[in-house]
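K.L.:
The sequence and its predicted three-dimensional model are supplied below.
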Amino acid sequence: MRVIRVTADLSVPDLDEAKAFYTDFLGLDAQDMGLDWVTRVIVPASGEHIQLLTRDATGPENPLLSVKVDDVDEAYATAQRLGYEIVHPLTTERWGVRRFFVRAPGGTVLNIAQHHDPGE
């Protein structure tokens, strides 16, 4: 398994208010993800980004980081083999992501994800 990208997930009470802060004040670009509980703001020149979320749609708690990997099934098997707490089981979400949540030492919850091809 190889990590492709790490994204900070910030929990916010009001998505529109938070998005306005990051776009109007900091000048980041908003990226509509087509979901009412999460959005992404992006640094225009570099593509670095932050995800803003109110409440994860299917997970029992909000992650602090999303880690995109090239093989989420391998990552899940490795997390289980190493005895890490699985907070949300490996799931193919309706919005095209296959993911699970794992608790890192110290308590941080990570969303380990891979884009999923529905034709598979």
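P.N.:
Yes, it's here.
K.L.:
I'd say D70 and I4 touch.
P.N.:
Yes: in this structure, D70 is within contact of I4 by C-beta atoms under 8 Å, at 5.9 Å. Using the backbone N, CA and C atoms, a C-beta is placed for each residue, glycine as well.
K.L.:
I'd assumed A8 was in a helix, is it?
P.N.:
No: the assignment for A8, made by DSSP: H, G, I helix; E, B strand; the rest coil, is strand rather than a helix.
K.L.:
Leaving out chain neighbours, which residue sits closest to it?
P.N.:
Nearest non-adjacent residue to A8, counting by C-beta to C-beta, 6 or more residues apart in numbering: I50, 5.1 Å away.
K.L.:
how about that neighbour, what does it touch?
P.N.:
By C-beta atoms under 8 Å, 6 or more residues apart in numbering, the residues touching I50 are T7, A8, D9, L10, Y22, L28, R40, V41.
K.L.:
Then D70?
P.N.:
Applying C-beta under 8 Å, 6+ apart, we find D70 in contact with M1, R2, I4, Q114.
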